[in-house]
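Novice: Here's my sequence, what's the structure:
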Amino acid sequence: MSILKIEAFSGLSGDMFLGALAELTDAYAELEMLPSKLHLTNVEVKITDMNKAGIACRHVKIIDNNVYKSSSHVHHHPGHRQGGELANVQLRHEHHGHHRHLRDIEKLIDQGDIPSGAKNSAKRIFRLLGEAEAKVHGVDINTLHFHEVGAIDSIMDIVGTAYLLDKVKISQVVSAEVCTGHGFVMTEHGRMPIPAPATKELLLGIPTYAGKEAGEMTTPTGAAILKFLNPSFSIPPLVELKTAHGPGEKNFPHPNVLRLTLCESAESNSEEIMMVETNIDDMSSQLLGSDFQEQLLSAGALDFYYTQVIMKKGRPGLLISVFVPPANVKQVSDFLLENTTSIGVRTYPVARHILKRTIKSVNTSVGDIQVKEVETPSGKRRETPEFESVKAIAALSGKSVLELMDIVKKELNDRSDLP
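Specialist: Reported below is the predicted structural model:
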């Protein structure tokens, strides 16, 4: 598990998060396949090389070709997303599907062929966005029409971000203060101050500053993703391992990019985390399978295990033990209470000592694979292919994960550059 560091010196938007995470995970090819995984037709992912004030990066743009097939029912509205999420978008009337309710978006996500963890994350981001919009406009979230963020390009930005976050498997998020921009922006509701009202609501409790450039730097989508990640704004000493840049479409005197960095702690390899436990004796173990486990990790768990136990009166039961960062204890506890038959959980601190680890990309005969390299106390190193990375290659090649895992492990063992 890695620490994700966010530096939003030019703000946050959906396409900026998507571009930075795509570089961080080297998952451009997977993003290009995402429309088909969501069963979207005439939607494409366009990857463009950019240079932002001297920083070479790649912009990820979602193009909904269905928009341009509408003619008599289309009216123009100036785009306002700083990162180009909806720049110059043509807004359609509601019966063309542009104004969606939350239930419509959740249904689209649920029907997608993506991991359940990514689905849950995407839906949680949309719910945060919906709650902010509903509060600002004084309406019920279930009757709220998602206007700009209900468009396919914005839906893809959020689902794509959730999909890539699911691949990264981060254990902690830290962030510097966020630049919002200043001035006014045009929206479907008219001229609004920056930050826009929904953005302002999502950024409550988060350190921000206006910056020198006029215009919208942080968008509602970017703010919702940040709120979902729930970062700490107290950045500890870190060892930075890999940095990526997600560009916006506008150009400024400074690099208009979001910088994300995978890190590990520079402090002791010992850390204190929390254990959350509960006993279950009246629930089918089928309900605690892969879907439950993926959702548990998405809720903020670092790791977990099950233990068969004998409970009072000789009843067989299951002990669920979950390792959790202190900041995620309530979230994980609530998840367990909502999704099991448990009527209570217990928590206590535990100390763990972990090996130094690095996630890197290794070129193999089957393609580029994400590999975890760990260093033992004596200085020896060993490498292990990341399961999700091998699984993604298997889906493209038609070979089994087991077959590819054996090939990759053999090639890693044959390498001579490890002590």
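Novice: tell me which element Asp140 falls in.
Specialist: Using DSSP states H and E, no element contains Asp140; it sits outside every helix and strand.
Novice: how about the nearest residue to it, chain neighbours excluded?
Specialist: Counting by C-beta to C-beta, 6 or more residues apart in numbering, Ala134 is the residue found nearest to Asp140 once chain neighbours are left out, at 6.5 Å. Where you see a C-beta, it was placed from the backbone N, CA and C, and this is true even at glycine.
Novice: same thing with Glu177?
Specialist: With sequence-adjacent residues excluded and distances taken as C-beta to C-beta, 6+ apart, Glu177 is closest to Pro207, at 3.9 Å.
Novice: thought that neighbour was touching Ser232?
Specialist: No - contact between Pro207 and Ser232 fails when scored by C-beta atoms under 8 Å: they sit 11.0 Å apart.
Novice: Of the two, which one has the most company?
Specialist: Ser232 (13 against 10; other C-beta atoms under 10 Å).
Novice: Show me which positions of whichever strand or helix holds Val173 end up buried.
Specialist: Using DSSP H and E, the element containing Val173 is strand 170-175. Residues Ser171, Gln172, Val173, Val174, Ser175 are the ones in strand 170-175 that count as buried (16 or more other C-beta atoms under 10 Å).
Novice: Including distance to Ala301 and pLDDT, could these go into JSON lines?
Specialist: JSON lines is the format used below for these (distance: C-beta to C-beta, whole Å; pLDDT from 0 to 100):
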{"residue": "Ser171", "distance to Ala301": "10", "pLDDT": "83"}
{"residue": "Gln172", "distance to Ala301": "13", "pLDDT": "89"}
{"residue": "Val173", "distance to Ala301": "15", "pLDDT": "94"}
{"residue": "Val174", "distance to Ala301": "19", "pLDDT": "94"}
{"residue": "Ser175", "distance to Ala301": "21", "pLDDT": "96"}
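Novice: Just say helix, strand or coil for the residue lying farthest from the centre of the chain.
Specialist: In terms of distance from the mean C-alpha position of the chain, Lys313 ranks first, at 44.5 Å (C-alpha atoms, centre = their mean). Here Lys313 is recorded as helix under DSSP: H, G, I helix; E, B strand; the rest coil.
Novice: Please apply the same query to the one 5 residues further on.
Specialist: Here Leu318 is strand, with the state taken from three-state DSSP.
Novice: Any figure for the gap between it and Asn339?
Specialist: For Leu318, the distance to Asn339 equals 14 Å [C-beta to C-beta, to the nearest Å].
Novice: Leaving out chain neighbours, which residue sits closest to Asn120?
Specialist: Nearest non-adjacent residue to Asn120, counting by C-beta to C-beta, 6+ apart: Ser298, 4.9 Å away.
Novice: give the contact list for that neighbour.
Specialist: Contacts were defined as C-beta atoms under 8 Å, 6 or more residues apart in numbering; by that measure Ser298 touches Gly117, Asn120, Ser121, Asp166.
Novice: Check it and give its pLDDT.
Specialist: We note a pLDDT of 90 for Ser298 in this prediction.
Novice: circling back to that earlier point, would you mark the buried spots in the helix or strand hosting the residue nearest to Asp140?
Specialist: With secondary structure defined by DSSP H and E, Ala134 is part of helix 116-137. Buried residues in helix 116-137, counted by 16+ other C-beta under 10 Å: 116-134, 136.
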